[in-house]
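Enquirer: Can you look at this prediction? I've put the sequence above it.
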Amino acid sequence: MTAPLRNFDEYQPVDPIQTMTPATVREHIDGVAAFLGGAANVVMQLSLRPVAYGVMESDVDSGKVTLRPAKRLRTTLTYIAVALLGNDDDRSAYREAVNTSHRTVHTKPGSPVKYNAFDPKLQLWVAACLYWGIDDLIHRMRGPMDPVTAEALYRYSARLGTTLQMREEMWPATRDDFYAYWETNLATKSIDERTRVYFNDLTDLKMLAWPLRFAFGGVHRFIVTALLPPHLRAEMSMSWSARDERLFAGLLRLISAVWTRLPGPLRLFPYNFYLYDMRLRRRFGRPLV
């Protein structure tokens, strides 16, 4: 896999001369990335054991992907949409809703690791995984960004963590600093047997009805394998060949040729849909998560 590492696009740290806003960030993200990269990103996030056990041992059944996959998809994509595209009121409202769900997500008796959903360090790792996944698919589908735009988008993406409890100063100062943090921390991640079983069930879509699992399970596993960093792919005992990489690169070129030429509202789907859905829910007093 070709990851968007610092040297790949001859990236040099720069002071951005532009500032991203919810309006301008829309030009750089593609909604199809949500469908392509979601499960692989979950594997990356949960490769940090406290995050994994916080999810697996959560007593919030309504938010479990194994029990309510459609709802879990909605809440996750709504969070990303609010963080990247929402205004301050959107972010404040969704933070309060997520905090309500997170209040009981803390270490359970007998758990092999300690965790707390309000831990800013855990949220930093989750936000870093989300940014890495966004950057990776932009790079794969659109090619290298110019350094000024890449730096501005990176700094803006701190919102993926600060929409919850991550403090802004925790976000690595520059994109170059981020990749130093990413490479150092990724190398320390490992996947135990319990988490591997959970990931394999997710990858094989075992939470869906068997016709959907039969129709999409194989291609879903192929995409998850493609988008995992090599270190985590090895941890999952997944094989990947040069031929697989060529097939996946061709698939992305085809998707990109179509998707990046769509009108803006279609290209942003489903992020814009979930942001609108959240605002409607808020207006009519319905639960946001």
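Expert: Yep, it's here. Numbers count the residues shown, from 1 in each chain.

Enquirer: the helices in the stretch 1-150 of the chain, which residues?
Expert: 32-46, 49-56, 69-85, 88-102, 120-142, 147-156 (DSSP state H, counting those that start in this stretch).

Enquirer: Tell me which of those sits nearest to residue 26.
Expert: Evaluated over the helices of the stretch 1-150 of the chain, closeness to residue 26 peaks at helix 69-85, with 6.7 Å, by C-beta to C-beta. C-beta: built from backbone N, CA, C; applies to glycine.

Enquirer: Not counting that closest one itself, show me its contacts.
Expert: 22, 25-26, 29, 34, 38, 62-65, 90-91, 94, 98, 130, 156-157, 159-160, 163, 207-208, 268, 270-272, 274-275, 277-278, 288-289 (C-beta atoms under 8 Å, 6 or more residues apart in numbering).

Enquirer: residues of that helix that come out buried?
Expert: Neighbour-count burial for helix 69-85 flags 69, 72-85 (criterion: 16 or more other C-beta atoms under 10 Å).

Enquirer: Next: stretch 247-257.
Expert: 248, 252, 255, 256.

Enquirer: May I ask which two of those are separated the most?
Expert: It's 248 and 256 that sit farthest apart of these, by C-beta to C-beta, at 12.2 Å.

Enquirer: ok, back up a step: among the buried residues of helix 69-85, pick out the one closest to residue 138, please.
Expert: Of the buried residues of helix 69-85, the one sitting nearest to residue 138 (C-beta to C-beta) turns out to be residue 84, at 12.5 Å.

Enquirer: hang on, the earlier thing: I'd like the buried residues of stretch 247-257 laid out as JSON lines, including secondary structure and pLDDT.
Expert: As requested, the buried residues of stretch 247-257 are exported to JSON lines (DSSP: H, G, I helix; E, B strand; the rest coil; pLDDT from 0 to 100):
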{"residue": "248", "secondary structure": "helix", "pLDDT": "95"}
{"residue": "252", "secondary structure": "helix", "pLDDT": "93"}
{"residue": "255", "secondary structure": "helix", "pLDDT": "93"}
{"residue": "256", "secondary structure": "helix", "pLDDT": "92"}
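
Enquirer: Format these as a markdown table; extra columns: distance to residue 183.
Expert: Output for the buried residues of stretch 247-257, formatted as a markdown table (distance: C-beta to C-beta, whole Å):
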| residue | distance to residue 183 |
| --- | --- |
| 248 | 22 |
| 252 | 23 |
| 255 | 28 |
| 256 | 26 |
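
Enquirer: which stretches of the stretch 1-150 of the chain have low pLDDT?
Expert: 1-18, 62-63 (pLDDT under 70).

Enquirer: Just want the most central residue of the protein.
Expert: residue 130 (3.3 Å; C-alpha atoms, centre = their mean).

Enquirer: Surely that one and residue 158 touch.
Expert: No. With contact defined as C-beta atoms under 8 Å, residue 130 does not reach residue 158; the gap is 11.1 Å.
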